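Participant: Here is the input, now give the coordinates:
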Amino acid sequence: MEYMYAAMLLHSAGKEIDEGSVTNILNAAGISPDGVRVKALVAALAEVDIEEALKAPVLTAAAATPVAAPAADEEEAEKTEEEEEEEEDLQGLSALFGR
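Facilitator: Below is the predicted model of the structure:
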């Protein structure tokens with residue numbers, strides 16, 4: 001992530017994003033840069049218009065909001081839950097009596 005931040009800092013300063021500049025920023029931040037990662041970042045960003053990428057909307061996964069169930073479905077769910085609890089209770093009793 002710090003590699004991308006270095007590139008964004010260079011971009012916002014209006015400087016060219018090259019290997020030397022990215023390496024210098026990472027060194028200044030106390031990070032020992034990996035030359036391969038720096039090269040990969042510079043190569044990947046060479047084909048990207050950063051201004052356009054920043055303007056593009058960010059797609060995020062929206063949290064699924066629960067939809068209110070109709071009353072009939074709620075009643076049915078409650079009945080099913082009660083029946084399951086009764087079955088569990090009966091199973092517990094049969095274990096006591098060795099069945």
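Participant: for residue 47, phi and psi?
Facilitator: Phi and psi for residue 47, reported as degrees, to the nearest 10, are phi -100, psi 10.
Participant: Report the separation between it and residue 30.
Facilitator: Using CB to CB, to the nearest Å, residue 47 is found at 30 Å from residue 30. From N, CA and C alone the C-beta is placed, and that goes for glycine too.
Participant: Go through the helices and strands of this structure and name the one with the lowest mean pLDDT.
Facilitator: Least confident helix or strand of the chain, by mean pLDDT, DSSP states H and E, is helix 71-96 with a mean of 65.
Participant: distance between stretch 45-56 and the chain's centre?
Facilitator: 21 Å (CA atoms, centre = their mean, to the nearest Å).
Participant: go on, stretch 24-39?
Facilitator: 25 Å.
Participant: Okay, buried residues for that stretch please.
Facilitator: By 16 or more other CB atoms under 10 Å, the buried positions in stretch 24-39 come out as 25, 26, 33, 38.
Participant: Now tell me what touches it from outside.
Facilitator: 2, 3, 6, 9, 10, 19, 22, 23 (CB atoms under 8 Å, 6 or more residues apart in numbering).
Participant: Now with 10 Å, please.
Facilitator: 2-3, 5-7, 9-10, 13, 15, 18-23, 40-41 (CB atoms under 10 Å, 6 or more residues apart in numbering).
Participant: Give me the domain ranges for this protein.
Facilitator: Listed by automatic domain parsing, the domain ranges of the chain are 2-55, 69-99.
Participant: what's the most buried one of those?
Facilitator: Of all the domains of the chain, domain 2-55 has the most neighbours on average by mean count of other CB atoms under 10 Å, namely a mean of 13.
Participant: got the end-to-end distance for that one?
Facilitator: This stretch, domain 2-55, spans 21 Å end to end (CA to CA, to the nearest Å).
Participant: can you give me the mean pLDDT across it?
Facilitator: In this model, domain 2-55 has a mean pLDDT of 91.
Participant: Dihedrals phi and psi, residue 32?
Facilitator: phi -80, psi 110.
Participant: any idea how far residue 23 is from it?
Facilitator: 10 Å.
Participant: just residue 45 next, same as before
Facilitator: 14 Å.
Participant: Residue 11 now?
Facilitator: Distance from residue 11 to residue 23, by CB to CB: 16 Å.
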